[in-house]
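Participant: Just a sequence and a predicted model for now, questions to come.
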Amino acid sequence: MGDVTWREEVSGSRDARADSSEDMCGVLCRYPAALSPGAHLALVVGNVRYLGVHFPADELLAEIAAGIGYQALEIRAVRYRGGSA
């Protein structure tokens, strides 16, 4: 699996990818009603490694958010830790 990217890996597991995308889209779609116009929204997410494949949840979430009208101003890694997976 060394040369497999996360996009190639999760494309075969449509249910997991679709479920998480739909969940986050649902969450992001609710925020505008609670935010003032022009407000900033900060989210803390964790990237994961699944079956040895790095899954960049931060980048995927930024793509989903952009698709529904948000603008990512910054994606910042706060810390790195070793994983057991």
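Facilitator: Right, received. Where do you want to start?
Participant: what's next to stretch 30-47, contact-wise?
Facilitator: Residues from elsewhere that reach stretch 30-47, judged by Cβ atoms under 8 Å, 6 or more residues apart in numbering: 54, 55, 56, 57, 58, 61, 69, 70, 73, 78. Backbone N, C-alpha and C define where each C-beta goes, glycine included.
Participant: swap the cut-off to 6 Å and go again
Facilitator: With Cβ atoms under 6 Å, 6 or more residues apart in numbering as the test, stretch 30-47 has contacts from 56, 57, 58, 61.
Participant: Who wins on neighbours among those?
Facilitator: Neighbour counts for these, by other Cβ atoms under 10 Å, peak at residue 61, which reaches 21 neighbours.
Participant: which ones are touching that residue?
Facilitator: Residue 61 makes contacts with 24, 45, as judged by Cβ under 6 Å, 6+ apart.
Participant: what helix or strand does it sit in?
Facilitator: Residue 61 is located in helix 57-67, with elements delineated by DSSP states H and E.
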